[in-house]
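K.L.:
Take this sequence and fold it.
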Amino acid sequence: MTDEETTRIPPVNPQDTLKEQQVFSEGKKGEGVVKYENYIIFVEGAKIGETVDIKIEKVFKNFALAKVITEDSEDEEFGEEEEKVEEKTEEGDEKWYHKY
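P.N.:
Next up is the predicted model:
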């Protein structure tokens with residue numbers, strides 16, 4: 001092994017998103033396996049043959065863990081910002097809650 005191989009920095013970081021990744025294999029737990037710049041990423045919810053958009057959850061020296069990004073998860077992440085609303089109770093106390 002060369003020094004470059006032993007000190008290689010993973011090509012991804014937590015919270016990175018990767019578009020249109022081809023799932024080429026299946027891991028021991030049934031998760032999809034993607035190769036990105038010769039780096040292995042195990043993708044929860046992906047199946048062999050699928051092309052998926054993924055979000056990196058955890059990064060390790062030799063591999064990363066990720067989840068498939070769906071339209072629903074994008075809506076949660078990029079949806080409307082919550083609105084803080086003030087309401088007065090009958091007793092006159094202020095009560096705050098989050099409106100989604």
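K.L.:
Residues contacting stretch 47-67, please?
P.N.:
Contacts to stretch 47-67, defined as CB atoms under 8 Å, 6 or more residues apart in numbering, come from residues 10, 12-26, 32, 34, 39-46, 68-69, 73. Every residue, glycine included, has its C-beta placed from N, CA and C.
K.L.:
separation between residue 12 and residue 60?
P.N.:
Applying CB to CB, to the nearest Å, the value for residue 12 to residue 60 is 11 Å.
K.L.:
which intervals of this structure have sub-threshold pLDDT?
P.N.:
1-6, 72-100 (pLDDT under 70).
K.L.:
where along it do the helices fall?
P.N.:
In the chain, the helices defined using DSSP state H lie at 3-6, 71-78.
K.L.:
just to revisit the earlier point, tell me which of residue 12 and residue 60 has more neighbours.
P.N.:
residue 12 (18 against 9; other CB atoms under 10 Å).
K.L.:
show me what contacts the more buried one?
P.N.:
By CB under 8 Å, 6+ apart, the contact set of residue 12 is 18, 36, 39, 41, 56, 59, 64.
K.L.:
Run a quick neighbour tally on the last one.
P.N.:
Burial of residue 64, expressed as a neighbour count using other CB under 10 Å, amounts to 25.
K.L.:
Bridged to the closest residue to it other than its chain neighbours, which residues?
P.N.:
Spatial nearest neighbour of residue 64, excluding adjacent residues (CB to CB, 6 or more residues apart in numbering): residue 41 at 4.6 Å. Counting by DSSP bridges, residue 41 is bridged to residue 34, residue 64.
K.L.:
ok, residue 41 touching residue 31?
P.N.:
No - proximity of residue 41 to residue 31 does not meet the contact threshold set by CB atoms under 8 Å, at 9.6 Å.
K.L.:
Neighbour count: those two, which is higher?
P.N.:
residue 41 (25 against 21).
K.L.:
and the gap between the more buried one and residue 15?
P.N.:
For residue 41, the distance to residue 15 - CB to CB - is 14 Å.
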